[in-house]
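K.L.:
What would the 3D arrangement of this be:
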Amino acid sequence: MNVVTDINRAPLYELRGVGKTYGQGSLQVRALRDLSLTIESGEFVAVVGPSGSGKTTLLQLLGALDRPTAGEVLFEGQDLARLKEGELTSLRLATIGFVFQQFNLIPTVTAAENVALALVPRHLPSEERRERADELLRAVDLANRGHHIPSRLSGGEQQRVAIARALANDPRVLLADEPTGNLDSEAGEEIVGLLRSLCEERGQTIVLITHNPQLAAAADRTIRLHDGALAEPVAPERAGSLS
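P.N.:
Just a heads-up that it's a prediction; the model follows:
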C-alpha cells in the first residue's frame, strides 16, 4: 500500500455530504445520499454494491464527468463544481485515466497505435509517442502483442491495452468501472492483479468499481454502497488468489 500520509497535503479526493439527484418532482431519483469519504494518493480502493447502489454515479463525480447536486467533491483540495467546463476537460486529460467494461479500442489500428493515439494531446513527436506506447505495453505485460489489432487479442489482452492507454498521460488516479465485466474469471483476476501491481510498483492511485467481492478483496480498502449511501466499512483483506 503506497498511501501518501503527509498531514500537510490534502487527500487526493475528499467528498463532503455529496448527493446526486436525477429528474424532477415525483420522478426524482436519488443516486447518492450524503456521501462523505476520502481517498488518499497511492491508495487502491474498491467500490462495491448491488446494481443501482450509486457506484457508477460516484465514479462519474470522481472523474469530473458530472457535478453533485449537493455537497462538495474536492480533488487535491480543489472543489470540482467551481471549475468551468474547459477547466474540467483539462483536469481529466492531465490527471485522470479511465478504464471501462467495454474496452473502447479503435478496431482498425494496432494495440500500440491505440495507446500512442492517447498521447496526441501532449503534442509529442511521433517517434516519442511510439516509444512511450511500447513502454506502457511492457508495463501491462503485452510487449510482444503491440502489432496486433484488437480482434487478434483476447478479451483480457484488450483490457490490458485499455489500461496502458489510460496510463498514457501519467494520470494521478485510474478510475476503473467494472473492468472485468466482459471477462472470464481467470482473466478478470489477472486484470485486478495487474491493477494491484500498478498500485504497489508505481504508486498509482486506483478506484475500482466492481460487483465481485472476491476481486474487491485485492484493494487496500473496500467502500460499500447501498441505495446511494455508505454501508458498513470493510477492513483491508486481500484474497490469496489475487496475490
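K.L.:
by contact count, what packs against the lowest-mean-pLDDT helix or strand in the chain?
P.N.:
The weakest-scoring helix or strand in the chain, judged by mean pLDDT, DSSP states H and E, is helix 213-216 (a mean of 90). Judged by 3 or more C-beta pairs under 8 Å, 6 or more residues apart in numbering; DSSP states H and E, helix 213-216 is in contact with strand 44-48, helix 185-202. For every residue, glycine as well, the C-beta is placed using N, CA and C.
K.L.:
For it, which residues meet the burial criterion?
P.N.:
Neighbour counts using 16 or more other C-beta atoms under 10 Å place 215, 216 of helix 213-216 among the buried residues.
K.L.:
and what of stretch 41-52?
P.N.:
41, 42, 43, 44, 45, 46, 47, 48, 49.
K.L.:
Could you identify which of the helices and strands packed on helix 213-216 is most buried?
P.N.:
Across the helices and strands packed on helix 213-216, averaging neighbours per residue (mean count of other C-beta atoms under 10 Å) puts strand 44-48 on top, at a mean of 25.
K.L.:
Could I get the pLDDT score of residue 146?
P.N.:
Residue 146 is assigned a predicted lDDT (pLDDT) of 95.
K.L.:
picking up where we left off before, quick one: the following helix or strand past the least confident helix or strand of the chain to chain centroid distance?
P.N.:
Once helix 213-216 ends, the next helix or strand along the chain (criterion: DSSP states H and E) is strand 221-226. From the chain centre to the centre of strand 221-226 is a distance of 15 Å (C-alpha atoms, centre = their mean, to the nearest Å).
K.L.:
relative to strand 44-48, how tilted is strand 221-226?
P.N.:
Angle, strand 221-226 to strand 44-48, by axes from the mean of the first three to the mean of the last three C-alpha atoms, to 10 degrees: 20 degrees.
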